[in-house]
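In: sharing a sequence plus its predicted fold:
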Amino acid sequence: MGQSCAIITYMLRRTKIVATLGPASDDKETLRDMIKSGLDVARLNFSHGDAADHVRRADLLRSAAESCGREVGIMGDLQGPKIRIRRFKDHSVSLVDGESFFLDSSLGLMDGDKDGVGVALDWLHEDLSPGDILLLNDGMITLKVTNIKGKRIHTTIINGGILSDHKGINLKGGGLSAAALTEIDKQNIRLAAEMNVDFLAVSFVRNGEDIEEARSLLKEAGGNGLIVAKVERAEAVKNIDSIIEASDVIMVARGDLGVEIGYAELIGVQKKIISKTRKAQKIVITATQMMESMIQNPIPTRAEVSDVSNAVIDGTDAVMLSGETAVGAHPAGAISAMAEVCVGAEKFPLQTGQTSHRMLDRFGLVDEAIAMATMYTANHMSVKAIIALTESGSTTRWMSRIWSDIPIYAFTPYVSTSRRVAMYPGVYPVLFEINDENPLGLDQDIFDTLLANELLEEGDFALLTKGDLNGVSGTTNSMTVIKITSSA
């Protein structure tokens, strides 16, 4: 019965919630509260902490999920080539509008002062030209390049302020040549494989080739997680089609993306990426500052509510919390608030035309065709649920592309698949062992599981999809209308 309570608490919400783990969520009871509030996928930020921290948090999360009767996915998020300044002698300086300031990759690690600071990219000077605009500290500081001598980049301060150690650097409009995967990232890919993460997020991707490299490295290391492309470079927007094609999941990472392309165009680009990703039948996450005020405050601002709601109405499959749950004062409260906003927004569903969705398409896969037929039937017949027997979760991913208020239960014998489908909107994992010795009793075993977990009632009608070959991925080839009966 433990699983039923866990599923019912979030069953009415289609949109999935990704939340970052950190010091604020470093105990089992807090994690249990986060899971009960609606956590679907936990993010481990490899930019902070060491391998031992990530392993400990993953183990703690999985233990907490087990005690709640839930399967929660884990996303390992690579830090990528975040270009940062080095350190100041006094840890920070005050930059004044109109004055000069330099960046120099040859300057000592801690030799920064009011005149200039070191930078952790040896060839930054080669990427820049006079007139370029550099944005530091998430765009709070603006510098204009005036001239370049050797490795020293001379600038004029356009918008000054306090600049402290290790702040990030972006080039307005993009164009910095740093590769998406650093040596540290490659080490963390091996760690992610050892931890069996369900999703691997690649930061600062430039094109589809970056994703293919990460996928290859993860596979070589023995991992099988889905690959998430974080769109946060201007180049990524230009190459979005190849990135979507190469990826399993797209994340609209609005922090650095907003700095590079400018905040005025950010939401328009976000809407475009959500639409393109959905049309490609892939999963999309919207992230960054969604409820940032809840790092301190117990409730979100009206603007944050509007932001989350509009992303949901636009069709995002998941929304993500960062500092709100990693270092915030109300980690479970932030998830609860986000879940409530998602449910409210889902009352105004994306108008994709559920009757005509993909009506002119030709399906290349049998399980894709069955999934589309199932959703068409579900939205034109009085059924209470869809039950999908699935090995890999692919059938439920196809189903999740069509908006419906009918829950999709992914019955699978594999924990890895349960955690993977936790990201799919409207899909709820149920661990289920298929009894090969009694194939004629399969339907009744399904009924008994549904009834025992209080997911359906006796007499309810549902749709069942399954394949002829158990244990073989991608063989879903049938849909049946079933009536739930008790074996008692």
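Out: That came through fine.
In: what helices or strands is the helix or strand harbouring I273 leaning on?
Out: I273 belongs to helix 263-279 when assigned by DSSP states H and E. When contacts are defined as 3 or more C-beta pairs under 8 Å, 6 or more residues apart in numbering; DSSP states H and E, helix 263-279 sits against helix 240-246, strand 249-253, helix 254-261, strand 283-287, helix 302-314. Placement of C-beta: from N, CA and C, glycine included.
In: shaky segments in this structure?
Out: Scanning the chain for pLDDT under 70 picks out 1-11, 350-364, 436-437, 439, 468-474.
In: the residue nearest in space to the middle of it and T301: what is the separation?
Out: The residue lying closest to the centre of the chain (C-alpha atoms, centre = their mean) is I285, at 4.8 Å. Note on I285: its distance to T301, by C-beta to C-beta, to the nearest Å, is 21 Å.
In: show me which residues of stretch 121-133 are buried.
Out: The neighbour-count criterion (16 or more other C-beta atoms under 10 Å) identifies 121, 124-125, 128, 132 as the buried residues of stretch 121-133.
In: which of those fall within strands?
Out: With strands taken from DSSP state E, there is no overlap with those.
In: quick check, nearest of the residues you listed to Q296?
Out: L121 (33.4 Å; C-beta to C-beta).
In: so what's the closest one closest to, chain neighbours aside?
Out: Excluding the flanking residues, the one nearest L121 by C-beta to C-beta, 6 or more residues apart in numbering is I83, at 4.9 Å.
In: surely the one you found and K167 touch.
Out: No - the pair I83 / K167 is not scored as a contact, 10.1 Å apart, by C-beta atoms under 8 Å.
In: which one's more surrounded, these two?
Out: More neighbours sit around I83 than around the other of I83 and K167, counting by other C-beta atoms under 10 Å; the figures are 19 against 16.
In: so who does the more buried one touch?
Out: Contacts here follow C-beta atoms under 8 Å, 6 or more residues apart in numbering; on that basis I83 touches 119-121, 124, 168-170, 176, 178.
In: which of these sit farthest apart?
Out: Checking the contacts of I83 against each other with C-beta to C-beta, the farthest-apart pair comes out as A120 and N170, at 13.8 Å.
In: what is the strand or helix carrying T395 packed up against?
Out: Taking DSSP H and E as the criterion, T395 maps to helix 394-400. Using 3+ C-beta pairs under 8 Å, 6+ apart as the contact definition, the elements that helix 394-400 packs against are helix 366-378, strand 385-389, strand 408-412, strand 427-431.
In: again, only using 7 Å
Out: Judged by 3 or more C-beta pairs under 7 Å, 6 or more residues apart in numbering; DSSP states H and E, the packing partners of helix 394-400 are helix 366-378, strand 385-389, strand 408-412.
In: direction included, what does the last one pair up with?
Out: Spelled out, it's strand 408-412. Taking DSSP bridges as the criterion, strand 408-412 pairs within the sheet with strand 385-389 (parallel), strand 427-431 (parallel).
In: got the contact list for the last one?
Out: Going back to what we said before, that points to strand 427-431. By C-beta atoms under 7 Å, 6 or more residues apart in numbering, the surrounding residues in contact with strand 427-431 are 7, 11, 71, 396, 400, 407-412, 415, 418, 421-422, 449.
In: the helix or strand that that strand is followed by vs strand 408-412, what angle?
Out: Secondary structure here is assigned by DSSP H and E; on that basis, the next helix or strand after strand 427-431 toward the C-terminus is helix 442-452. Direction vectors for helix 442-452 and strand 408-412, defined by axes from the mean of the first three to the mean of the last three C-alpha atoms, to 10 degrees, enclose an angle of 120 degrees.
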